[in-house]
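The sequence and its predicted three-dimensional model are supplied below.
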Amino acid sequence: MAENQKQNYLTHPKGIMSWLLTLDHKRIGLMYLFGGIAFFFLGGVLALGMRLELAAPGNDFVSNDTYNNMYTLHGAIMIFLFIIPAIPGALGNILLPLMLGAKDVAFPRLNLASFYIYTVGALFVMYTIISGGVDTGWTFYTPYSTTSTSNVIPMTMGIFVIGFSSILTGLNFIATIHKMRIPGLTWYKLPLFVWALYGTSLVQITATPVIAITMVLLILERLLGIGIFDPALGGDPVLYQHFFWFYSHPAVYIMILPAFGIISEIIPVHSRKKVWGYKFIAFSTLSIAFIGFLVWGHHMFTSGQSVFSQIVFSFITYFVGIPTGVKIFSWMLTMYKGQVSFTPPMLYALSFLFLFTIGGLTGIFLGAVALDIHLHDTYFVVAHFHYVMQGGTIIAFLGGLHHWWPKSMGTMYNQTVANICCLGVFLGFNGTFFPQFLLGLRGMPRRYATYDQQYAELHNYSSFWSGILGLSIFISIMNLLWSLRKNNKLDPGTNPWGGMTLEWTHTTSPPHPHNFEEEPVLEHGPYDYDKVIVEPTFKK
Amino acid sequence: MSHDNSSPKFLQHHFHDVEQQYETAKLGMWAFILTEVLTFGGLFVAYVVYRSWYPEMFVGANLLLDVNKGLLNTIVLITSSLTMVLAVWAIQKKNQKLSLFMLIATFLFAFMFLGIKYLEYSHKFEVGQLPGEYYSYMGPEIAHLNNPHIFFSIYFIMTGLHGLHVAIGMGLIAWLIYATAKGNLNSEYYTPMEMIGIFWHLVDLIWIYLFPLFYLI
């Protein structure tokens, strides 16, 4: 028994093959995590390269062509190789079965396959980079993408392949959530992160097939000139935009819903208070997933769609604000009169609330047709998107990483360094992207390497702060990795934040290879801080 | 949670019991079917868009397809769906031999479908009724119509993707034949056969939509 307790999934079984062929969801999750972070780093280096070029108005470091490649690769890598797979693939994989009290996900072999499909997709993207890049922007709009001489085919092929990995993960999670819960763990007793993964998975399996077939059509258009998207052959380039956004708008909810889930876990735990409006948060997740399918036309207000469709899409777009607002208020009410502790995960959650709210409110500007026609393709859109995706998803990802790091790795990072980094991320982020709202309002278009002198001051300011942002994220990841040094293990019984969900109360840190020594018995709800006392424990 | 000796060997370790494993597989399969419907859904949208853009061309171009071969293929594929169901029914009734026979029949019908499709395709290749830029057919019945190559682009993409599904289905059925012959699938455990059956019916169903859309209207 004592020997058994020392076992954890990181050390047992041993050997490289036991990792490469593992069916353990926790190991697959870790492989996703390190893969994702590697691409996060690559995408981040590209972003800093762009900010360096944009620090002054002229062509200072790179040519226009190189710059076109840089923003395309930055967008495609960050979205398809980091943000979309990172939270479900890494944190979702590690945590979902633990939160359900299950031994594994429903289809462990499919789970491993989905990781390797992701790897194959990533190789296509790597090939694109070393063979000269691609310059269409991450949206691959036709007709430019059908005529560009850059490597559109390997890149879109990569996205096609990664789509399968995303579909299989979603499918696996849906089956897991429906069928693998322990007895007594009813839907309303699930941790909210599970609800978020459920909403995400629904969008993954319903939207991703459409991008897959769109990429196939785009590739065939280039190879065979099928004429579906090419106006010279009687086709319609705007149809491409419809297809693309039919996936890519729901895809922003694939990216943000898991982040909402993380925030819904961090806030009650670190406020020591029962979550306010559990059902509101759970159902707002599903309604966002649903409404997300009906608003894709708001990306296309300048594409020549009819005024009637503009009005309808604009109108439905505002509906997204309702469930999102419900979430924000529920989180705030959860903190109200709670014992809020300013730990690193909580600081990230608070940053999230602030930054995501700005991102959401500026989305209302862009949802209004008249304003959007003015702001379309300007830095206002760039800033809005980054407030939602980086200020939202990536901040939540970092928060979740700090929250579950002691659980999944069994070590504790330096919390002071983590707090300082979080502050650096917050300040650096606002310093980088807030000026971009102003640039956009003044008419600075996106995707240009050079610009008029009047924009120089704001661009320079943005570039300076992007350095702080990049450095802070880098140090915060290094701080996490540094905790893995020798003789820094936590006691396996550690529950540093006093979490109440099964992954904290019923298994060791890091967890047992089969998750639980014996099947857990549910004793209380996920956030019953009003009924049960779970003290934070922190021992080396 | 214990791994006692009474649990059957086909039960994977992370499931409680056979029923949970079966229900999970079924749910996963239906979720997969949903993704298939959406994949083809994108192409059906393309069909509808271009049909509404070029209604006369679509009506004219579909006359170039061979309705008899299309109809024959429809009958072949529906029959194969029937034999697939009978295979599952037979194994439930512990009649492994009949099940094996029905699986082989399904496989042969699938092969026949692809054979007929090959005859159709090769005729189209000969006369130049091909997708996009490769289209060269200029017969009198089509000369007055705009952009017939788009009809053939959509025709080849949709029937091609469907044909790919038939080919994948054949691979899966071949595996079922092997597993049933070896006795790995039996009246106790036939989940893979039922799941592949669901997939096969989907393949059949998609053809039931493709046939009238391309050949009849």
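Ah, there it is. Numbers count the residues shown, from 1 in each chain, chains lettered A, B, ... in the order given.

Report all helices and strands that the lowest-mean-pLDDT helix or strand in chain B contacts.
Within chain B, confidence by mean pLDDT, DSSP states H and E is lowest for helix B:55-61 among all helices and strands, at a mean of 91. Applying 3 or more Cβ pairs under 8 Å, 6 or more residues apart in numbering or on different chains; DSSP states H and E, we find helix B:55-61 packed against helix B:148-182. Every residue, glycine included, has its C-beta placed from N, CA and C.

Buried residues of the helix it packs on, list them for me.
Neighbour-count burial for helix B:148-182, counted by 16 or more other Cβ atoms under 10 Å in any protein chain shown, picks out B:148-159, B:161-163, B:165-166, B:169-170, B:172-173, B:176-177, B:179-180.

of those, list those near chain A.
With the criterion set as Cβ under 8 Å from any Cβ of the partner chain, the members of the buried residues of helix B:148-182 near chain A are B:149-150, B:153-154, B:157.

With pLDDT as added columns, please give these in CSV.
Shown next, in CSV, are these (pLDDT from 0 to 100):
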residue, pLDDT
B:149, 91
B:150, 92
B:153, 94
B:154, 95
B:157, 96
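
For residue B:213, see how far away residue B:64 is.
15 Å (Cβ to Cβ, to the nearest Å).

same deal with residue A:339?
With distances taken as Cβ to Cβ, residue A:339 is found 63 Å from residue B:213.

Likewise for residue B:21?
Distance, residue B:21 to residue B:213, by Cβ to Cβ: 39 Å.

next one: residue A:317
Distance from residue A:317 to residue B:213, by Cβ to Cβ: 33 Å.

the more surrounded of these two?
residue A:317 (23 against 18; other Cβ atoms under 10 Å in any protein chain shown).

Can you tell me the closest non-neighbouring residue to the more buried one?
residue A:367 (4.0 Å; Cβ to Cβ, 6 or more residues apart in numbering or on different chains).

the bottom helix or strand of chain A by mean pLDDT?
Lowest mean confidence among the helices and strands of chain A (mean pLDDT, DSSP H and E): helix A:2-6, at a mean of 51.

Tell me which two of the ones next to chain A among the buried residues of helix B:148-182 sit farthest apart.
Spatially, the most separated pair among those is B:149 and B:157, at 12.2 Å (Cβ to Cβ).

tell me the contacts of residue B:193?
B:87-88, B:91, B:99, B:103, B:176, B:180, B:185 (Cβ atoms under 8 Å, 6 or more residues apart in numbering or on different chains).

now with 7 Å?
B:87-88, B:91, B:176, B:185 (Cβ atoms under 7 Å, 6 or more residues apart in numbering or on different chains).

Export those as a markdown table, with columns for secondary structure.
Listed next are the contacts of residue B:193 as a markdown table, based on DSSP: H, G, I helix; E, B strand; the rest coil:
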| residue | secondary structure |
| --- | --- |
| B:87 | helix |
| B:88 | helix |
| B:91 | helix |
| B:176 | helix |
| B:185 | coil |
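
Out of these, grab the one that's most surrounded.
For these, the largest number of neighbours (other Cβ under 10 Å) sits with residue B:87, at 31 neighbours.

touching chain B at all, stretch A:138-156?
No: residues of stretch A:138-156 contacting chain B under Cβ under 7 Å from any Cβ of the partner chain: none, with a closest distance of 11.1 Å.

Extract the C-alpha set from that stretch and format it as CSV.
Output of stretch A:138-156 as CSV, limited to C-alpha atoms (Å, rounded to 0.1, in the frame of the first residue of the first chain):
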residue,chain,number,x,y,z
TRP,A,138,-5.0,33.5,-41.4
THR,A,139,-8.4,33.8,-43.0
PHE,A,140,-7.2,32.6,-46.5
TYR,A,141,-9.8,34.8,-48.3
THR,A,142,-10.4,34.0,-51.9
PRO,A,143,-9.7,35.1,-54.6
TYR,A,144,-6.2,36.0,-53.3
SER,A,145,-5.7,32.6,-51.7
THR,A,146,-6.4,30.9,-55.0
THR,A,147,-3.9,33.0,-56.9
SER,A,148,-1.1,33.7,-54.3
THR,A,149,2.1,32.0,-55.2
SER,A,150,3.0,31.3,-51.6
ASN,A,151,2.5,27.9,-49.9
VAL,A,152,-1.3,28.0,-49.4
ILE,A,153,-1.8,24.2,-49.9
PRO,A,154,0.5,22.8,-47.1
MET,A,155,-0.9,25.4,-44.7
THR,A,156,-4.6,24.7,-45.4
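
tell me which residues in that stretch are buried?
A:138-142, A:145-146, A:150-156.

Which of those residues fall within helices?
Residues of the buried residues of stretch A:138-156 located in helices (DSSP state H): A:145-146, A:152-156.

which pair in those residues spans the largest distance?
Maximum pairwise distance among these (Cβ to Cβ): 15.2 Å, between A:146 and A:154.

need the contact list for residue 84.
You didn't pick a chain, so chain A it is. A:166, A:251, A:254-255.

meant chain B actually
Residue B:84 neighbours (Cβ under 7 Å, 6+ apart): B:106, B:197, B:200.

do the same with residue A:424
By Cβ under 7 Å, 6+ apart, the neighbours of residue A:424 are A:468, A:472.
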